[in-house]
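1. any chance you can model this:
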Amino acid sequence: MVNLNVYQGRLQKYIYEKKLVWKMASSKGLRRHILMDKWEILYTKAQKEYSPREVTPFIYAHNVVSALETEDGKIFTGFCIESCSGVCNLCAERVAALNMFVNSGQTQIKRIITFRDKAPAEKESSSMPCGACREFLMQLDIKNKNTEILVDYEKRKVITLEQLIPNWWGLSR
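-> Here you go, the predicted structure:
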């Protein structure tokens, strides 16, 4: 994993064989290539949001984080907000999606990653959206049925939202 903040201002990005490539110019004119796929970029962006803390005696936040990519390549992040009253909780996925909508007006999500303190692994359930998030993402845009959800970071295993709710009630509307 690469800390992109260190190289800020010296990076150029371009696409090479469907991977985002960062090209850094050194002081001697040599070039160094840092290959990062989209999942690594999303992971790095979401990881910056991870800082579990008590906001008030009633609210705890930043212990689950999420990053999503829109169809045009923009990235938005979110973190969970848990309250003593369960109905007031906001999951990281919904916060990221609301951040996307409020700041860009977009509703379609290409891919999303969610995790706690480490990258998603297939044997852990914290990377899967809860029922409320699945429902919200589908209602936000019917095309979100094709949203890729990262299940295993190391294997780059994904599942689509449609696979999680195949018989969604809204498809018949």
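2. check the gap between the nearest residue to Leu140 once chain neighbours are set aside and Glu71 for me.
-> Using C-beta to C-beta, 6 or more residues apart in numbering and skipping residues adjacent in sequence, the residue nearest Leu140 is Thr107, 4.9 Å away. C-betas here are computed from N, CA, C, even on glycine. Relative to Glu71, Thr107 is positioned 10 Å away (C-beta to C-beta, to the nearest Å).
3. neighbour count: these two, which is higher?
-> More crowded of Thr107 and Glu71, by other C-beta atoms under 10 Å: Thr107, with 17 against 13.
4. who touches that one in this structure?
-> 100-101, 140-141, 144 (C-beta atoms under 8 Å, 6 or more residues apart in numbering).
5. center of this structure - which residue?
-> Ala67 (2.0 Å; C-alpha atoms, centre = their mean).
6. that residue: what secondary structure?
-> strand (DSSP: H, G, I helix; E, B strand; the rest coil).
7. ok, Thr107 next?
-> coil.
8. and it, how far from Asn167?
-> 22 Å.
9. how is the protein carved up into domains?
-> Using automatic domain parsing, the domain parsing of the chain gives 4-36, 49-172.
10. winner for burial among those?
-> Neighbour counts (mean count of other C-beta atoms under 10 Å) averaged over each of the domains of the chain peak at domain 49-172, with a mean of 17.
11. I'd like the average pLDDT over that one.
-> Regarding domain 49-172, the rounded mean pLDDT is 94.
12. show me what the helix or strand containing Cys80 is packed against.
-> Counting by DSSP states H and E, the element that carries Cys80 is strand 75-83. Counting contacts by 3 or more C-beta pairs under 8 Å, 6 or more residues apart in numbering; DSSP states H and E, strand 75-83 packs against helix 38-47, strand 59-70, helix 92-104.
13. adding distance to Phe136, write the ones you listed out as TSV.
-> Converted to TSV, these look like this (distance: least, C-beta to C-beta, whole Å):
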stretch	distance to Phe136
helix 38-47	18
strand 59-70	12
helix 92-104	5
